[in-house]
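Undergrad: Give me a model of this one.
(chains A and B)
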Amino acid sequence: MTAIHLIFPEIALCALALALMVADLFVAPKHGRLLYHLAWLASIVTLCLIGLSISDAARYQGLGSLWSVDPMSQFFKMLVLLTTVLSLLMGLEYKDLPPARAGIFVSLLMFASTGMMLLVSSVDLLLTFVSLELISISSFILTGFEKRNPKSSEGAIKYFLFGAFSSAVMAFGISLFYGATGTTKLLGLTQAQTGGPLFILGLLLVLLGFAFKASIAPMHFWVPDAYEGAPTPVTAYLSIAPKIATLAAMLRLFAILLPAKVFDLTTLFVLLSALTMTIGNFTAMFQRNVKRLLAYSSIAQAGYILIGLVSGTVVGMEGVLLYSFIYVAMNIGAFSVAQAVASQSSGADPYGLESFDGLSQRSFGLALAMTFFLLSLAGIPPLAGFMGKFYIFQAAVQSGHIGLAALGLVNSVVSVYYYMAIAYHMFFKPAATEEPLSIGPYLYGGLAVAVAGVIIFGIYPEPLIASVQTSAQYNLP
Amino acid sequence: MVEHAYLIPLLPFLVSLVILFFFDEDAHSPYAPYLGIATMFWCLVQSLVIFHQASSGAVHPWPYEGSWEWFSFAADSAGKGFSAAMPIGILIDGAAAVMLVVVTLVSLLVQVYSLGYMHGDPRFKRYYAYLSFFTASMLGLVVSNNLLVTFACWELVGVSSYLLIGFWFEKPAPAYASKKAFMTTKLGDCGLYVALLLIWAKFGSFKISMLAVSAATPGVLTPLAATAIGLGILCGAAGKSAQWPLFIWLPDAMEGPTPVSALIHAATMVAAGIYLVAKTYFIYAASPVAMEAVAWIGLITALLAATMALVAYDIKRVLAFSTVSQLGFMLCALGCGGYTAGLFHLTTHAFFKALLFLGAGSVIHSVHTNDMRQMGGLSKKMPVTFGTMFVATLAIAGIWPFAGYFSKDMILERVYGHNQVMFGLLTFAALLTAFYMFRMIFLTFVGDDRDHERHHHAHESPWVMLWPLCLLAFLSVVSGAALAHNGFFEHLVNYKLPEGLMTETLAPRLMPYAVTALVCGSIALSWFFYGRNDFTLAESLKARCSPIFSVLENRYGFDAIFLSLVAFSDRIAKFAFWFDSSVIDQFFVDGWGLITRICAELSGLFDNLFVDRTVDGFGGLSMDAGVLLRSLVTHGQVQEYLMYIAVAVSLFTILILSR
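TA: The predicted structure follows:
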C-alpha cells in the first residue's frame, strides 16, 4: 500500500462516520439533531482538507497502488462533499426521519460519500467495484430508511434487486477483463492486451455496471421507484452524488485511461446517450408526482452529461465537469423546494403537482427560486444550466456529433414542457390555502447557496470555466 | 497647508450632503447650521494660512500646483491621435489665495447672520445645506487647475443659485426669478461652452498652467482663435457676472433670502465671471480685440446699471444695480490691462457689498418692507445697522481712507492710461455711484419717518446679525489701505502683461484729489435732493424728465427684449410641437404603425395556418412517443425491467462485437 497519505481525506471522513455511528449509542434520541450538525460539519472539514490541498501541487498529484489523486478527482470529491453537506442540511428540516436513528442515517450518508470519493480516484477495477458496492449498500439502506412508508420499502427492494443484478453484471465484466489482460489495473495496458472481443465484452459489461449507478438507460428502471420512495434528502443526494461520481469514473476509464484507439465504443455511447435523454424526457411529461418527475428529469440530465463523454475531446471533458457542478446546484435546489412544499401540504399526495398550486401567493420567494432551478434545468439563459448545456452541445458539434447535439436540443425543448408545468401550477393555479409557507433556516441556507450558484454562474461563468479547465487539463494517466 | 487646499471645497461639499441627507428637517434644530458654520470656519482658517504663506513667499514653487490623474482617453487633434490625460487638481496663485479668503469669510459671516435672519424658517436645514453647497461650488471653481472642472463647478454655482434664489418657491416671484437667473446665465454659458471646445481643439488640454505656457508660445494661438475663445469666455462671464446685456437676472434675483443675495453679490456667484476672466487672462493677452471688448462691456454695464440705480425705490434693487455697476468697473479694469486693479476691487467690493446687503437685510428684517419710500429716519432705531451701512456707503463711493477709495482709484488710474474717453465715462459712473448710494442712505435712515406704523415697530436686529456687520465694516475701512500698502496686493497677484499691452500713460498726480472732490460734490447733490426731508425738487425733476425716468425704470427695455425673445422661442416651440404631433406623428409614425400592423396580420395568419399546426403536430408526436415509451413498462415489476435490460445488453453485445 503505497502513497496512502493521498487518500487521507477519505480516511478522515470514514473515521468521522464511524465515530458518529458510535456516538449514536450515547446520544439521546431527543438530541439526534446534534449528530446531523456534527455530520455536516465533518463533511465541511473534509471539504476544506481537499480544498486547502488543491493549491499545493506536491501534495495531491500522486499515484497510489490503486488510486490516482489529480485535479479532476479532487474536483469531483469536492462536488460530492458539497452535495453531502447540502443534503444533510435538507435532512435537518425533514420531519419524517426518526431522530433515534440519526447517527446511523448520517454515517451511512458519509460512508456512501467515502465510496464516491474513492470511486473518482480509482485506477483499478477492484477498487472501483468495492467502492461501487460501498455506495450501493449504503444507498439501499438509506432508501428504505422510512420504515413506516411502504413506498420507501418498495423503492429500497427494487433498488436492491437491480443493484444485485448490475453488480453481478459488472463483476462478470471485470472477470472477462482480467481474463483478457491478466490484471485489474487500468494503467500500463499494452496494445496486445486491449482490443480482443473478450476485452471489449468485459468493458461493455463494466460500462453497464456504471450505467446502473448513473441511471443511464436501459439500467434506469429502478430510478423513479427508488427516488419516489426514499426520504427526500436521500433522493436529492442519490440523484446527484452517485451520478456525478459514476460519470467521473466513466470519464476516467473510457475517455482518459482507455482512449478509443483500438476499440470503439463511441457508437454505443451515442446510443446510450440518445436513449437516456429521450426516455427520461418523454416519460417525465406524464408524471404527476414531483419526485417522480424530477427522477425522470435526472435520468435525462445524465443523458446530457453523457454527450460530453461521447465527444471524447478536452472540451467535452470540461463540459462534463462544468455540467456536474451546475447540476449539483440546480437539482439540490429543486428537491429542497419540493421538500419544503410537501412538508406543509395537506393533499393526498404531498409530492403531487397539486401541492404546488398557488405557491407564488404563499411564498413568492420560494416560487421564484423554484422557477430559477427549473429554468436552469431546462437550459434557458441566463441561468447556469444554459452554460452547461451550451458547453456540452458545443463539444458534441465540434467532434462531429451534430445529430446527437440536435437530439439534445429537441429533448431540451420537450423538457421545457414538464418543467414549466410545475411553474404553471406555482403561478397560475389558485392556492388551496392562503397560509404562508415557512421554511426552516437550514433549508433556507441551502436554497440560498443553490440560487446563488444558478444565477451567478449563469451570468458570470468565467471563474467556474477557469477552474474546470485547470481541473480537466492536468490528469495523471 | 497649501498642498491640502483641495479640502477647502471638498469639506463644505460633503457637509452639505450630510446635512441634506442625515439631518432632521426641524426648524429649531441647531446642529445643521452649526455644522455648516464650523466647517466654513475651518475653511477660513485654512484659507488664511494659505494666504499668509502666499504673501510671505513661503510656498515654493509659486504658484503652487498639485495635480492628480483623473482619466485618460484617446483623442484626436488636427488629424493626429494621441492619448489625452485629464488631470484634476489645485492651482493656488495670488488671485486664488485672495479669493479663498474672501469667499470663505463672506460665506462664514453670511451663515452666522442667517442664524438670526432665517430663524424659524420651515426649511432651515435645507437652507444651510444649500449655502454650503453654493460655497463649495465656488471654492471648487477657485482652486481648480483644470478648466473642465472649473466649468463643472461653474454650472454647480448656477444650480445652487437657482436653488437659493428660488428658496421660497411657494411664492411665484422667487420661482420666476430663479428660473430667469438660471436661463439667462445658461445663455451666457453657451458661449463659454464654445470657448471650451475651441480651447480643447486648439491646445488639447484643459490644464490652466499648461494653457498659459502654450498661449505664450508664439505660433500656437492665432489672434483669431484667441479672440474667439476670449469672446466666448466673456459671454459666459457676462452671464454669470450680470454684465450687459445679460444683467437682467440680477435685480430679479433679489427675491431670494437677503443673506443669499449678499453671498451672491459679494463672493460666490457674480465674482465667478470676473475670476474666470482673470484666470484665463493669458487668452486676452493674446487678443487685443477681446481685451477691448471686455473693457467696453464693463464700461457700458457700469454706466447703464448706475443710471438704473438712480430711480429704484427697492432698497435691494439699488444694491443689485450697484453690484452690476461695480462688476462693470472690475471688468473694465481687466479689459484695460488692470489685472491687479480688477481683482483688488473684487476683493474690497466683496467686503462692503456683503455689508450693504446684510445691512439691508437687517433693515428689511426690522420694517418688513423693501420699499425705501416707507422707511426714513431709521438711524435712531437702528444705530448699529446705520453706522455700518454708512461706512460701507462711504467705501463704495470711494472716500479716503475707506477701502473703495484705493481700489477705485487704481481702476481709474489704469483706465486713464488706456483710454481717456473711457476714463471720463467711468468717472461719471463713479459719481453716479456716490449719488445713488447716498440717496439710499438718506431715504432709509435720515429724515422723518414716512410710515409711522412701520417706524414704530422697527427695532435693532439681534447681535448674531449685527456682529458680522461690524466685522465687515471694520474690513471695509481697513482692507483697502492694508492691501494697497507698499504695493502688497500688486505683488501678490501680479500678472505680467506682454510688452505690447503695457501702455503706460501715467495719470496726473492730482487725479485722485479731483475725483474725490467730484464725488463729494455728488454726495452733496444727493443730500440736496433727498437728504432734507423735502422731496419737491426730486419730484419736480421726475415730473419734468418723466420719459427718461420711465426708460430707466424699465431698465432700457432689456427685459422686454429678452421677454420677446422668449416669446419668439415659445412660438417656435409651439410650431415645432404642431409639426411633430400633426405631421410626424400622424403621418409618418402612425403610417408606419399601420404598415407594421398589416404585416403583422399577414404574419399572424401564416403562423396560425402553418406554423402552429406544425408545432401542434410535433407536440402530438411527442405525446404519442411518450405514450409508446410508457406502454412498454406497464406492470412495474422487477422481472419485466430485468428482461428489458437483458435484451438491451444482448443487443449491445451484438452491436459491438459485429463491428
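
Undergrad: count of neighbours near B:Arg571?
TA: 10 (other Cβ atoms under 10 Å in any protein chain shown). Heads up, the C-betas are built off the backbone N, CA and C, glycines and all.

Undergrad: tell me which element it is part of?
TA: Assessed by DSSP states H and E, B:Arg571 sits inside helix B:558-578.

Undergrad: now swap in B:Phe71 and tell me
TA: strand B:64-77.

Undergrad: tell me the mean pLDDT for that strand?
TA: What strand B:64-77 shows for mean pLDDT is 77.

Undergrad: packing partners for that strand?
TA: In this structure, strand B:64-77 packs against strand B:80-92, with contacts taken as 3 or more Cβ pairs under 8 Å, 6 or more residues apart in numbering or on different chains; DSSP states H and E.

Undergrad: Tell me how many other residues crowd residue 133.
TA: No chain was given, so I picked chain A. When neighbours are defined as other Cβ under 10 Å, A:Glu133 has 15 of them.

Undergrad: you looked at the wrong chain, it should be chain B
TA: 24.

Undergrad: Likewise for B:Glu601?
TA: 10.

Undergrad: Quick one: residues contacting the residue in the stretch 251-400 of chain A that chain B sits nearest to.
TA: Taking Cβ to the nearest Cβ, chain B has its nearest neighbour within the stretch 251-400 of chain A at A:Phe282, 4.1 Å off. Contact analysis of A:Phe282 by Cβ atoms under 8 Å, 6 or more residues apart in numbering or on different chains lists A:414, B:622, B:625-626, B:629.

Undergrad: With B:Phe528 instead?
TA: Counted by Cβ under 8 Å, 6+ apart, B:Phe528 has contacts B:Leu537.

Undergrad: got a winner among the contacts of A:Phe282 for most neighbours?
TA: A:Val414 (25 neighbours).

Undergrad: wait, that residue sits on A:Phe286?
TA: No - with contacts counted by Cβ atoms under 8 Å, A:Val414 stays clear of A:Phe286, the gap being 11.9 Å.

Undergrad: A:Tyr227 and A:His220, how far apart?
TA: 11 Å (Cβ to Cβ, to the nearest Å).

Undergrad: oh sorry, the question was meant for B:Phe51
TA: B:Phe51 is 87 Å from A:His220, by Cβ to Cβ.

Undergrad: what do you get for B:Ala253?
TA: 83 Å.

Undergrad: how about the residues of chain B that lie near chain A?
TA: B:622-623, B:625-627, B:629-630, B:633, B:636, B:638, B:641-642, B:644-645, B:648-649, B:652-653, B:655-657, B:659 (Cβ under 8 Å from any Cβ of the partner chain).

Undergrad: Type out the ChimeraX command that picks the buried ones from those.
TA: A single ChimeraX command selects the buried members of the residues of chain B next to chain A (16 or more other Cβ atoms under 10 Å in any protein chain shown):
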select /B:622,625,626,629,638,641,645,648,649,652,656
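
Undergrad: Flag the shaky bits of chain B, pLDDT-wise.
TA: Across chain B, the ranges flagged by pLDDT under 70 are B:25-30, B:75-80, B:497-507, B:633-636, B:659.

Undergrad: Go through the helix of greatest length in it and flag the buried ones.
TA: Assignment by DSSP state H gives helix B:172-203 as the longest helix of chain B. The neighbour-count check on helix B:172-203 (16+ other Cβ under 10 Å) flags B:174, B:177-178, B:180-182, B:184-185, B:187-189, B:191-196, B:198-200, B:202-203 as buried.

Undergrad: what's the closest non-adjacent residue to the residue of the stretch 301-450 of chain A found nearest chain B?
TA: Chain B sits closest to A:Val414 of the stretch 301-450 of chain A, with a gap of 5.5 Å, by Cβ to the nearest Cβ. In this structure, A:Val414 finds its nearest non-sequential neighbour in A:Asn281, 4.7 Å apart by Cβ to Cβ, 6 or more residues apart in numbering or on different chains.
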